[in-house]
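Colleague: Sequence and predicted model, in that order:
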Amino acid sequence: MKLQQLRYVWEVHRHDLNISATALALYTSQPGISKQIRLLEEELGVEIFKRSGKHLSKVTPVGKEILAVAGEILLKVEGIKRLSQDYKSPTQGILSIATTHTLAQYMLPPVIKTFATKYPKVDLTVVEGTTKENAELVEKGNVNFVLLSEDLEHSGNLVIMPCFKYSTHVLVLKDHPLTQLAEVSLEDVASYPLVTHVFDYGFNALDTTTLGKAFKKKSLRPQIALATGNADVIKSYVRAGLGVGVVADLAYSDIEDSDLVAISVPGLDESYQISIAIRNGSYIPGYMYEFIEFFAPHLTRDVVDEVMSLSNAEAQKNYFTDTDNQGYQPSHKYHR
């Protein structure tokens, strides 16, 4: 068994069983990958992948277990490489982060500015996606960590650490009828088309997302005029009179959005958790510890190490329930 063979099966799995895409990503040939997978399967005496003609169709039950172990091995190997690099060049490296558009635009700029000033030789990449998409990226090892803007179930693959909380507001034009009400209810909001960030794209997400559940609890199913992950697009459509906007309070500024009115609505103004998620067992270079602490000062190196060392997701979750490390209100909210 060769490390290269484990890498091939892992990468094929990561590329949705597409050998062509895997070959392109690894700068090698399709026949070479197929041959090495066959040799590994022959050595182990089991099939890792089921085949349909010349194509891989699915992962076998034993293949899932093999892939899980292969992932752990490759993660440790990558950790050794990163540790060596961190020892030789502690101020150089690569840091990749996945997050939502709102956090990337309204929370990260001052943090990145501080980080880049101290670590100009670290190549930083920010990838934007939904909470679900971003969680998959860090689980597959495509990014170092993810900033989550919505609650995610703890799993054995991810270590999740709370940073701070935010709430959502309804946004309308100053002359909108909702501004005339002494108190605005969910029923009032649902009577107008919504322009909102549905966290998992698709209109059926009204049944599964935090936002959707708030309406469902009241037996309401509002009309969605536009679902987008871009808070600026939401505000633009509200300004165009196409609906009532629902955005995170992070994305609203009294000064820059003075033509809009932010309304707190019971049922929509609950607190949501911003969290950092790191793949369990990952090696964390020194500069990554610092980035995390720049973003969430209560997540010091000692705290992160202690949480990462805990044996299971429940213990990790309880750490923040049982201590004062439950998050803080950020001082680095950014507006252009």
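Modeller: Noted; the coordinates are in hand.
Colleague: now residue 123, what's its secondary structure?
Modeller: strand (DSSP: H, G, I helix; E, B strand; the rest coil).
Colleague: so it sits right up against residue 115, yeah?
Modeller: No: with contacts counted by CB atoms under 8 Å, residue 123 stays clear of residue 115, the gap being 11.8 Å. Any C-beta I mention is one placed from the backbone N, CA and C, and that applies to glycine too.
Colleague: Those two: who's more crowded?
Modeller: residue 115 (20 against 10; other CB atoms under 10 Å).
Colleague: The more buried one belongs to a strand, doesn't it?
Modeller: No: remark: residue 115 does not belong to a strand; assigned using three-state DSSP, it is helix.
Colleague: which residues does it contact?
Modeller: Taking CB atoms under 8 Å, 6 or more residues apart in numbering, we find residue 115 in contact with 122, 124, 287, 290, 291, 294.
Colleague: now the residues you listed as JSON lines including distance to residue 190, neighbour count and pLDDT?
Modeller: Below are those laid out as JSON lines (distance: CB to CB, whole Å; neighbours: other CB atoms under 10 Å; pLDDT from 0 to 100):
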{"residue": "122", "distance to residue 190": "46", "neighbour count": "19", "pLDDT": "94"}
{"residue": "124", "distance to residue 190": "41", "neighbour count": "16", "pLDDT": "95"}
{"residue": "287", "distance to residue 190": "46", "neighbour count": "21", "pLDDT": "94"}
{"residue": "290", "distance to residue 190": "45", "neighbour count": "16", "pLDDT": "95"}
{"residue": "291", "distance to residue 190": "40", "neighbour count": "25", "pLDDT": "96"}
{"residue": "294", "distance to residue 190": "40", "neighbour count": "18", "pLDDT": "95"}
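Colleague: so who does residue 101 touch?
Modeller: By CB under 8 Å, 6+ apart, the residues touching residue 101 are 128, 229, 230, 231.
Colleague: Strands of the protein, start to end?
Modeller: 49-52, 55-59, 93-99, 122-128, 145-148, 158-166, 168-173, 194-196, 224-227, 244-248, 260-263, 272-279 (DSSP state E).
Colleague: ok, of those, where does mean pLDDT dip lowest?
Modeller: Lowest mean pLDDT within the strands of the chain: strand 224-227, at a mean of 86.
Colleague: Walk me through which strands that one pairs with, and which way each runs.
Modeller: The pairing partners recorded for strand 224-227 under DSSP bridges are strand 194-196 (parallel).
Colleague: Centre of the chain to the strand it pairs with, how far?
Modeller: Taking CA atoms, centre = their mean, to the nearest Å, one finds the center of strand 194-196 at 22 Å from the center of the full chain.
Colleague: Residues contacting that strand, please?
Modeller: If you take CB under 8 Å, 6+ apart as the criterion, strand 194-196 is touched by 211, 222-228, 234, 237-238, 242-247.
Colleague: make it 7 Å
Modeller: Among residues not part of strand 194-196, those counted as contacts by CB atoms under 7 Å, 6 or more residues apart in numbering are 211, 222-227, 234, 237-238, 242-246.
Colleague: taking those residues as a set, which two sit the farthest apart in space?
Modeller: Farthest-apart pair in the contacts of strand 194-196 is 211 and 242; separation 18.0 Å (CB to CB).
Colleague: And the two? Which one has more around it.
Modeller: A direct count of neighbours by other CB under 10 Å for residue 211 and residue 242 places residue 211 higher, at 22 against 14.
Colleague: how close does that one sit to residue 27?
Modeller: Per CB to CB, to the nearest Å, residue 211 is found 43 Å from residue 27.
Colleague: likewise residue 218?
Modeller: 54 Å.
Colleague: So those two - more neighbours on which side?
Modeller: residue 218 (12 against 6).
Colleague: So that one sits against residue 186, correct?
Modeller: Yes: between residue 218 and residue 186 there is a contact under CB atoms under 7 Å: 5.1 Å.
Colleague: so what sits against both of these two?
Modeller: Counting by CB under 7 Å, 6+ apart, the shared contacts of residue 218 and residue 186 are residue 267.
Colleague: May I ask you to name the longest helix in this protein?
Modeller: The longest helix of the chain (DSSP state H) is helix 61-88.
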